[in-house]
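>>> what shape does this take:
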Amino acid sequence: MANGRSDDGIVRLRAWVQRYDWGRCGADSQVARLLALNSGVEVDPKAPYAELWMGTHESGPSFVMGSGVVLAEEEKGVTLKEWIGKNPNVLGNKVLGKWGCDLPFLFKVLSVAKALSIQAHPDKELAKELFKLQPHLYKDDNHKPEMALAITEFKALCGFISLEELKDVFHDVPEIVELIGTAEANRVVNIHKQDGEEKVKSVLRSTFTQLMSANEEMTAKAISKLKSRLQLESKMRRLTDKEQLVLLLEKQYPGDIGVISAFFLNYVQLKPGEALYLGANEPHAYLSGECIECMATSDNVVRAGLTPKHRDIQTLCSMLTYKQGYPEILKGFPLSPYITRYLPPFDEFEVDRCILPRGATTVFPAIPAPSIFLVLVGDGTLHIGSSKDVVTEGDVLFAPANTEITISTSSELQLYRAGVNSRFLHTL
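Down below sits the predicted model:
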């Protein structure tokens, strides 16, 4: 395979790693394992390996690899984006027409040891404004809808709890009332669904903004009281899952307003094979576990809690939709006996999960858009036309538009495919 491209058009990629401090360390990290297999990089057992990036975003570009060549991590080659720029036909006409000469999706693996920040991603209009005003903080002008597909049990905070649940929180967590004041708390307690969705959202916006804006001294005092109370109550009753989570978050981020604001958000626990999707302006925080993630090509994050990084509380609180209720969990639908598809309501991406048992064969049909494949476990043989190629765990492959791929295995193979949303491709 010369210059990273085989005769059949498949391109092998060297993925990029992000070593954020919330990542799992060394051998405990799926990201570290895949990185070592993909790029020949020696893993530091004490260093965090948080995210493996596969795509064209400039904050973590993939590089085209030569066959059998192990590239040093710092060695520079041709990026996937540069290669696509010279070969735009690999995207297909529909992708070129909508998004220009770039991949519209970014594919990742996440290995989460401790909570990520309470955050949201801006819509396109806000992303353009933030990029223009603060390009050092907001790296591009695109929106970032995303989907997390659990590899292991995966925990997250996502979206606001219902109005009735929120009223229970105000009854059961007096420390929140102390932080925001009785008058603000009473606005929540006394509002009803019959008052109308916009009124409810307005009250939630006001209350959440007041909580997130509390000064550090008051916040630290409230969290200390909360911790003491829960530790005492744990001797007399079993704490709720949310209460146990809040105590864990307090250990990870002592005195952080994100600890107490977790009571406002849904606590989601995904089983392997379940997925969660997030639109623009929805609050969330990934907490623990490992997942496949796919999103529009962007790295825009507005943070407000559970982080040592820059916080933009006013932007976050003003941008949120304040929708309430438990998020939709995707379990995928079968494309074939071995392939499950996860189809979020966003044009930019979808994900296929393929679990191929020993001796089995499956086909990924030709589609008018590109795909990226990641081999997570095992090895197999890729058949494209009359050619074939061996793939093994850690391999990352770019498949141009209109490429039919047949995969067989003599062991067991688990792989994931990211591509453009098929609903978009099939609309006229």
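>>> which parts of the stretch 251-400 of the chain are strands?
Applying DSSP state E, counting those that start in this stretch to the stretch 251-400 of the chain gives strands spanning 265-270, 275-278, 284-296, 302-305, 329-330, 333-334, 339-342, 350-356, 361-364, 371-384, 387-392, 396-399.
>>> how deep is residue 119 tucked in, by neighbour count?
Neighbour count for residue 119, taken as other Cβ atoms under 10 Å: 24. C-betas here are computed from N, CA, C, even on glycine.
>>> tell me which of the strands of the stretch 251-400 of the chain lies nearest to residue 50.
Proximity to residue 50 (Cβ to Cβ) singles out strand 284-296 among those, at 10.3 Å.
>>> list of residues touching the helix or strand containing residue 219?
In this assignment (DSSP states H and E), residue 219 forms part of helix 216-233. Contact with helix 216-233 is made by 173, 175-176, 178-179, 214, 239, 243, 246-247, 250, 254-257, 259-260, as judged by Cβ atoms under 8 Å, 6 or more residues apart in numbering.
>>> of those, buried ones?
173, 175-176, 178-179, 214, 243, 246, 250, 256-257, 259-260 (16 or more other Cβ atoms under 10 Å).
>>> how about the helices in the protein?
Using DSSP state H, the helices of the chain run over residues 30-39, 80-86, 93-99, 124-133, 163-172, 174-180, 182-189, 197-212, 216-233, 241-252, 257-261, 313-319, 422-425.
>>> from residue 372, how far off is residue 352?
11 Å (Cβ to Cβ, to the nearest Å).
>>> what's the overlap in contacts for those two?
Residues touching both residue 352 and residue 372 by Cβ under 8 Å, 6+ apart: 417, 419.
>>> residues in contact with the helix or strand bottoming out on mean pLDDT in the chain: which ones?
Lowest by mean pLDDT, DSSP states H and E among the helices and strands of the chain is helix 124-133, with a mean of 85. With Cβ under 8 Å, 6+ apart as the test, helix 124-133 has contacts from 122, 137-144, 280-281, 298, 300, 302, 315, 319.
>>> where does the stretch 1-150 of the chain dip in pLDDT?
1-8, 66-76 (pLDDT under 70).
>>> go on, the stretch 301-428 of the chain?
427-428.
>>> top of the contacts of helix 124-133 by neighbour count?
Within the contacts of helix 124-133, residue 302 tops the neighbour count with 28 neighbours, counted by other Cβ under 10 Å.
>>> identify the bridge partners of that residue.
Counting by DSSP bridges, residue 302 is bridged to residue 120.
>>> tell me how far it lies from residue 324.
Distance, residue 302 to residue 324, using Cβ to Cβ: 20 Å.
>>> repeat that for residue 419.
As judged by Cβ to Cβ, residue 419 and residue 324 stand 32 Å apart.
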